[in-house]
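> sequence-free structure coming up:
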């Protein structure tokens, strides 16, 4: 006897037949029974015929072009009886010639047909047991693989969060039942900045865990050697591409935070865009690039922003937005934005707010389809003391300590091109028009912004093509602030040589140089901040009646 499994099976032949007991054979010694097996192809013409006509077949009388029939004839098989279970042929019972050389009688045929009918269910049960054993072994293999992958992943995730005064970091990592390749990491750089990584390997199990471990190592090494997120991703991609397994790649968002200033530079390799919760609004930190491991010559752009006090940046993997609610609708980015927008501005714990709303939508019995990873970066609402020079002559400079809570209205970067000072002036004052400043005071601020931007391009950056000017418009309850930053290596353009008409006429000074004197007359406060290679001029205009605000320029 034999049975079929999957596409091929085995045929078991009962040797020389089983003689039916008769008066002439009662005293004869029992015949020896030999067994042999044949490969059984379910697409063979004989099997197809028996599937359609399930009855005993005499091999010598059936005309079929069948490899199995040819093999049976060569081995001297005379009768074939299909074993049928649940409407399918699961094996064949084959008989060779009787040792007595007598033909099979009607009783013999009935007996063999009955035997095949009774054996078929038992064979089906045996098949099912064997299949269950194979599946159990496969499940155990997969579970062991997942345990190894989870161990690798959990070992490589940060065991503690960095402690940054004035900042709050929080993380959530929820692996799916079938483990994916999400990971996050924090890197303390030599200059005191913090690298933040969130990534996702597009595969499952041990392969994803191994690629994750390799990617983490490559990113850490590149981050310690290179000072920008974009260059770090370029180097990581170059190292990963040659050995990346087929059909696999890594999405990654890498950001560098300067805790002292709140400046956040970032680059993106195909990862979901971070969201920033601002006072009164929400925006995306928009920058894109190819995932790591796809193309060796991929390039990644650096972007920069400033995280102001009270603002929160949320980094996340696609498992969050691709989860489904109770009605099987995908959560998506718009609903995540709604959740963040509903977050109280004066509260802490954005990550708890997101997770609580997430669980409310999916249900507490939700089972993850993919890993869910969240990292939040929140800047505390603290007082900032500004030491500024009051507009006017240097002899009248004094320190004004004001406790203010600032919010960012707009920020952008510009190339060092003549004429961009006018664009800076227009964009900055456009952000302030809704707040009701008088036209006279707006014009003063426009003049100061244009002159400070021109100074930053000319004296700070010296019109270098590889540098840019960055502007930020901020507001508090009592004042407006415009920050204008260059990359001139820390040169303080406020301390340029004081202008002299005589010196300029004698060509001992540049014809320019009146800019800072003009700026000090246009706004209420001016300050200069040097931070390594960056120099910032800070212009402050009071919203009402401070520091000679109403005096004519």
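It's in. Quantities reported herein were computed from a predicted structural model and do not represent experimental measurements. Numbering: from 1, shown residues only.

> Outline the domain layout of this protein.
Domain ranges of the chain: 4-129, 157-379, 384-542, per automatic domain parsing.

> now the second one: how far from the chain's centre is it?
Spelled out, that is domain 157-379. 7 Å (C-alpha atoms, centre = their mean, to the nearest Å).

> Also stretch 423-442?
Between the centre of stretch 423-442 and the centre of its chain there are 40 Å (C-alpha atoms, centre = their mean).

> Could I get the buried residue list for it?
Under the neighbour-count criterion of 16 or more other C-beta atoms under 10 Å, stretch 423-442 has 424-425, 428-429, 431-432, 437, 441 buried. Backbone N, C-alpha and C define where each C-beta goes, glycine included.

> can you tell me which helix or strand residue 255 belongs to?
Assessed by DSSP states H and E, residue 255 sits inside strand 250-258.

> so the helix or strand following that strand versus strand 250-258, what angle?
Using DSSP H and E, the helix or strand that follows strand 250-258 in sequence is strand 263-269. Between the axes of strand 263-269 and strand 250-258, defined by axes from the mean of the first three to the mean of the last three C-alpha atoms, to 10 degrees, the angle is 170 degrees.

> by contact count, what packs against the next helix or strand after strand 263-269?
Using DSSP H and E, the helix or strand that directly follows strand 263-269 along the chain is strand 275-278. Contacts of strand 275-278 with other secondary structure elements, assessed using 3 or more C-beta pairs under 8 Å, 6 or more residues apart in numbering; DSSP states H and E, are made with strand 281-284, strand 312-316, helix 332-341.

> For stretch 322-330, buried residues please.
Buried residues in stretch 322-330, counted by 16+ other C-beta under 10 Å: residue 323.

> my bad, should have said stretch 42-52
Residues of stretch 42-52 classed as buried by neighbour count (16+ other C-beta under 10 Å): 42, 44, 46-47, 49-50.

> Over to residue 214. Which of the three states is it?
When the structure is split into helix, strand and coil by DSSP: H, G, I helix; E, B strand; the rest coil, residue 214 lands in helix.

> That one against residue 240, yeah?
Yes. Contact status for residue 214 versus residue 240: in contact at 7.1 Å, counting by C-beta atoms under 8 Å.

> Between those two, which has more neighbouring residues?
Remark: of residue 214 and residue 240, residue 240 carries more neighbours, 23 against 17, as counted by other C-beta atoms under 10 Å.

> and that one, what element?
In the assignment (DSSP H and E), residue 240 maps to helix 229-240.

> Near the nearest residue to residue 332 once chain neighbours are set aside, how many other residues are there?
Here the nearest residue to residue 332 in space, its sequence neighbours aside, is residue 321; by C-beta to C-beta, 6 or more residues apart in numbering that works out to 5.5 Å. Neighbourhood size, residue 321 [other C-beta under 10 Å]: 17.

> re the thing from before, need the domains of the chain in JSON lines (columns: distance to residue 144 and mean pLDDT).
Compiled in JSON lines, the domains of the chain are given as follows (distance: least, C-beta to C-beta, whole Å; pLDDT from 0 to 100):
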{"stretch": "domain 4-129", "distance to residue 144": "23", "mean pLDDT": "71"}
{"stretch": "domain 157-379", "distance to residue 144": "9", "mean pLDDT": "87"}
{"stretch": "domain 384-542", "distance to residue 144": "51", "mean pLDDT": "73"}
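
> Dump these to JSON lines, plus distance to residue 137.
Putting these into JSON lines (distance: least, C-beta to C-beta, whole Å) gives the following:
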{"stretch": "domain 4-129", "distance to residue 137": "13"}
{"stretch": "domain 157-379", "distance to residue 137": "17"}
{"stretch": "domain 384-542", "distance to residue 137": "59"}
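
> out of those, which comes closest to residue 140?
The closest approach between residue 140 and any of the domains of the chain, judged by C-beta to C-beta, belongs to domain 157-379 at 14.1 Å.

> For residue 484, grab phi and psi.
For residue 484, the backbone dihedrals (degrees, to the nearest 10) come out as phi -120, psi 110.

> Touching, residue 473 and residue 406? I think so.
No. With contact defined as C-beta under 8 Å, residue 473 and residue 406 do not form a contacting pair (10.3 Å).

> higher neighbour count, those two?
Neighbours around residue 473 and residue 406, counted as other C-beta under 10 Å, are more numerous at residue 473. The numbers are 22 against 19.

> what helix or strand is the more buried one on?
Using DSSP H and E, residue 473 maps to strand 468-475.

> chain center to that strand, what's the gap?
30 Å.

> Could you tell me the angle between it and strand 263-269?
Between the axes of strand 468-475 and strand 263-269, defined by the same axes, to 10 degrees, the angle is 120 degrees.

> Would you mark the buried spots in the helix or strand harbouring residue 223?
Under the criterion DSSP H and E, the helix or strand holding residue 223 is helix 205-225. By neighbour count on 16+ other C-beta under 10 Å, the buried set for helix 205-225 is 205-206, 208-216, 218-219, 222-223.

> What is the nearest of those residues to residue 522?
Closest to residue 522 out of those is residue 223 (42.4 Å), distances taken as C-beta to C-beta.

> between residue 473 and residue 406, what contacts are shared?
Common neighbours of residue 473 and residue 406, counting by C-beta atoms under 8 Å, 6 or more residues apart in numbering, are residue 481.

> circling back to that earlier point, the buried residues of helix 205-225: which two are farthest apart?
205 and 223 (27.2 Å).

> Report the beta-bridge partners for residue 196.
Residue 196 forms beta bridges with residue 186, residue 255, as assigned by DSSP bridges.

> What residues does residue 341 make contact with?
Contacts of residue 341 by C-beta under 8 Å, 6+ apart are 277, 282.

> 7 Å instead, please
Taking C-beta atoms under 7 Å, 6 or more residues apart in numbering as the contact definition, residue 341 lies against residue 282.

> what's the distance between it and residue 350?
Separation of residue 341 from residue 350 (C-beta to C-beta, to the nearest Å): 11 Å.

> just residue 293 next, same as before
Remark: distance between residue 293 and residue 350 (C-beta to C-beta) = 31 Å.

> now swap in residue 542 and tell me
Here the criterion is C-beta to C-beta. By it, residue 542 lies 32 Å from residue 350.

> More neighbours: which of these two?
When residue 542 and residue 350 are compared on other C-beta under 10 Å, the one with more neighbours turns out to be residue 350, at 23 against 17.

> Now for the nearest residue to the more buried one once chain neighbours are set aside, how many residues are close by?
Spatial nearest neighbour of residue 350, excluding adjacent residues (C-beta to C-beta, 6+ apart): residue 312 at 4.6 Å. Counted with other C-beta under 10 Å, the neighbours of residue 312 add up to 25.

> All the strands of the stretch 451-553 of the chain, residue numbers only.
Using DSSP state E, counting those that start in this stretch, the strands of the stretch 451-553 of the chain run over 468-475, 479-486, 525-531, 534-542.

> so the last one versus strand 468-475, what angle?
Going back to what we said before, that points to strand 534-542. When the same axes, to 10 degrees is applied, the directions of strand 534-542 and strand 468-475 differ by 30 degrees.

> likewise the shortest one?
Relative orientation of strand 525-531 with respect to strand 468-475: 130 degrees, computed using the same axes, to 10 degrees.

> tell me which residues in strand 525-531 are buried?
Residues of strand 525-531 classed as buried: 525-527 (neighbour count, 16+ other C-beta under 10 Å).

> contacting residues around residue 162?
Residues near residue 162 by C-beta under 7 Å, 6+ apart: 169, 186, 188, 194.

> Which stretches in the protein count as helices?
45-52, 67-74, 106-156, 205-225, 229-240, 318-321, 332-341, 350-362, 420-432, 439-455, 501-505, 515-522 (DSSP state H).
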